[in-house]
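Asker: model the following, please.
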Amino acid sequence: MTSGDETNTFVVGSGADGLVGTFTLQLASPLSALAGTLTINHYDEPAGTDGHSTVHNYPSLSLAIPAAAPCFLRGTRLNTPKGLVAVERIMPGELVSLARGGTAAVVWIGHRDIDCTRHPNLSDVTPVRVRAGALGPGKPEHDVLLSPDHSLFLDGMLIPVRYLKNGTTVVDAPSAHVSYYHVELAQHDILMAEGMAVESFLDTGNRGAFVNAQCPIMIHPSFALHRWAKAGCAQLLLDGPRLVTVRRALQAWAEELGYGVTQDPDLWVEIAGACLPVASAGRVVRVDLHGRSGLVHIRSHSMVPAELGLVADHRRLGVALTGIALDGVAVKMADPCLTSGWHAAENGVGGTWRWTDGDATLAVAGA
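Answerer: Numbers count the residues shown, from 1 in each chain. Just a heads-up that it's a prediction; the model follows:
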């Protein structure tokens with residue numbers, strides 16, 4: 001791989017006949033500032049563009065930033081002296097309200113559009129929804145959508161919202177495309193989004209993640225932590241007993257709001273849009289497909305164990321099935337008819353089982 005200093009052109013392959021992608025991003029040096037990954041999914045399509053780079057011969061070349069910059073989703077409203085204003089409408093020089101009182105002038109607004117369907121690390125860009133009242137009465141006043149690494153100010157600490165997900169009041173909000181914005185002040189500070197205390201932008205080397213940054217992309221974890229320790233307005237909390245305490249308080253409040261945990265899986269089966277009756281006898285569930293063929297959906301409640309503080313398991317789990325039979329014939333746990341929504345088979349004292357993700361499919365041929 002080579003790079004032209006003046007044109008920022010990368011040639012993948014050997015000689016002048018290699019695949020070429022011309023980037024509009026500014027590079028500080030031929031390669032040293034590029035801390036991302038060039039991903040080629042196809043190379044036999046006509047020329048195309050994604051709005052941020054001009055791609056020749058293959059439209060799927062993408063620049064994958066290893067770490068997502070913390071941001072507000074487009075439409076999020078910030079508290080200002082003029083009232084609540086959508087983040088994309090705030091301009092440099094305008095004032096925003098601070099959690100500690102008073103105001104501060106905005107010095108820069110970063111923005112970035114992301115196609116989540118093509119991002120290599122979906123968990124780093126999927127918005128997190130903080131439901132209205134999730135942190136207490138009026139905190140926030142309306143739902144707020146943030147990037148996973150955007151920190152909330154709680155108990156005197158800044159905690160990335162990804163560590164506060166609980167499956168009820170703080171949850172993932174998947175979207176195919178997102179537009180993220182961040183607000184920089186003269187100094188890192190705590191501003192308000194719908195009455196909820198959140199951080200302003202702190203440049204830890206991720207400024208280049210925004211399309212209007214006019215600077216190199218340089219993301220190095222060691223630099224980020226050093227920069228936070230030097231310029232962060234509060235301590236960053238990522239783990240430990242204090243985080244456990246905060247999470248327990250959020251969960252207790254969620255239960256007061258009426259959210260809870262149930263042992264009922266609410267298992268149901270659907271084929272071709274028709275919901276089929278389920279007959280349960282102990283741990284065995286029977287469903288009559290009436291000779292239908294196609295994809296059978298096995299649906300149920302689901303949860304992420306890590307969000308409930310149970311174990312460090314970030315998979316979405318529905319029900320664990322220890323056996324499947326079609327017309328009395330056992331289906332192997334690795335059978336290709338188990339199409340989507342299945343986690344890998346696991347083995348234990350009780351035998352073998354496979355977890356669904358809450359919506360697993362089984363291809364059947366019918367009678």
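Asker: which stretches of the stretch 1-150 of the chain have low pLDDT?
Answerer: Within the stretch 1-150 of the chain, the ranges that satisfy pLDDT under 70 run 1-70.
Asker: one more time with 90
Answerer: Within the stretch 1-150 of the chain, the stretches with pLDDT under 90 are 1-71, 110-125.
Asker: next one: the stretch 251-367 of the chain
Answerer: The model of the stretch 251-367 of the chain has pLDDT under 90 over residues 259-266, 268, 272-274, 276-285, 288-293, 301-316, 325-329, 333, 347-352, 365-367.
Asker: remind me, longest helix of the chain?
Answerer: Longest helix of the chain, by residue count under DSSP state H: helix 241-256.
Asker: got a list of contacts for the helix or strand that it is followed by?
Answerer: Using DSSP states H and E, the helix or strand that follows helix 241-256 in sequence is strand 268-271. Residues outside strand 268-271 that contact it (Cβ atoms under 8 Å, 6 or more residues apart in numbering) are 275-276, 278, 287, 289, 292, 294-300, 364. Just so you know, the C-beta spots here come from the backbone N, C-alpha and C atoms, and that holds for glycine as well.
Asker: of those, just the buried ones, PyMOL syntax please.
Answerer: The PyMOL command for the buried members of the contacts of strand 268-271 (criterion: 16 or more other Cβ atoms under 10 Å) is given here:
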select buried, resi 287+289+296+297+298+299+300+364
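Asker: any chance of the contacts of strand 268-271 in CSV, plus secondary structure?
Answerer: Listed next are the contacts of strand 268-271 as CSV, based on DSSP: H, G, I helix; E, B strand; the rest coil:
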residue, secondary structure
Cys275, strand
Leu276, strand
Val278, strand
Val287, strand
Leu289, coil
Arg292, coil
Gly294, strand
Leu295, strand
Val296, strand
His297, strand
Ile298, strand
Arg299, strand
Ser300, coil
Val364, strand
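Asker: buried residues of stretch 333-353, list them for me.
Answerer: Of all the residues in stretch 333-353, those buried under the rule 16+ other Cβ under 10 Å are Met333, Leu338, Gly341, Trp342, His343, Trp353.
Asker: show me where the stretch 1-150 of the chain has its helices.
Answerer: Here the stretch 1-150 of the chain has no helices by DSSP state H, counting those that start in this stretch.
Asker: find the centremost residue of the protein, please.
Answerer: Thr126 (2.4 Å; Cα atoms, centre = their mean).
Asker: mind listing which of the buried residues of stretch 333-353 are in strands?
Answerer: Trp353 (DSSP state E).
Asker: so which of the buried residues of stretch 333-353 comes closest to Leu84?
Answerer: Gly341 (39.3 Å; Cβ to Cβ).
Asker: excluding its backbone neighbours, what's nearest that closest one?
Answerer: Ala360 (3.4 Å; Cβ to Cβ, 6 or more residues apart in numbering).
Asker: quick one: residues contacting that neighbour.
Answerer: Counted by Cβ under 8 Å, 6+ apart, Ala360 has contacts His297, Ile298, Gly318, Leu338, Ser340, Gly341, Trp342.
Asker: and if we set it to 6 Å?
Answerer: By Cβ atoms under 6 Å, 6 or more residues apart in numbering, the contact set of Ala360 is Ile298, Gly341, Trp342.
Asker: show me what contacts the last one?
Answerer: Okay, so that is Trp342. By Cβ under 6 Å, 6+ apart, the neighbours of Trp342 are Arg354, Ala360.
Asker: who's it bridged to?
Answerer: The bridge-partner assignment for Trp342, based on DSSP bridges, gives Thr356.
Asker: picking up where we left off before, could you dump the contacts of strand 268-271 to JSON lines with distance to Val171?
Answerer: Output for those, formatted as JSON lines (distance: Cβ to Cβ, whole Å):
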{"residue": "Cys275", "distance to Val171": "25"}
{"residue": "Leu276", "distance to Val171": "29"}
{"residue": "Val278", "distance to Val171": "27"}
{"residue": "Val287", "distance to Val171": "30"}
{"residue": "Leu289", "distance to Val171": "33"}
{"residue": "Arg292", "distance to Val171": "34"}
{"residue": "Gly294", "distance to Val171": "31"}
{"residue": "Leu295", "distance to Val171": "27"}
{"residue": "Val296", "distance to Val171": "27"}
{"residue": "His297", "distance to Val171": "22"}
{"residue": "Ile298", "distance to Val171": "22"}
{"residue": "Arg299", "distance to Val171": "18"}
{"residue": "Ser300", "distance to Val171": "17"}
{"residue": "Val364", "distance to Val171": "32"}
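Asker: and of the contacts of strand 268-271, the nearest to Ala231?
Answerer: Nearest to Ala231 among these is Ser300, at 46.4 Å by Cβ to Cβ.
Asker: isn't that closest one up against Gly318?
Answerer: Yes: taking contacts as Cβ atoms under 6 Å, Ser300 lies within contact range of Gly318: 4.5 Å.
Asker: okay, and the common contacts of these two?
Answerer: Common neighbours of Ser300 and Gly318 (Cβ under 6 Å, 6+ apart) are Gly358.
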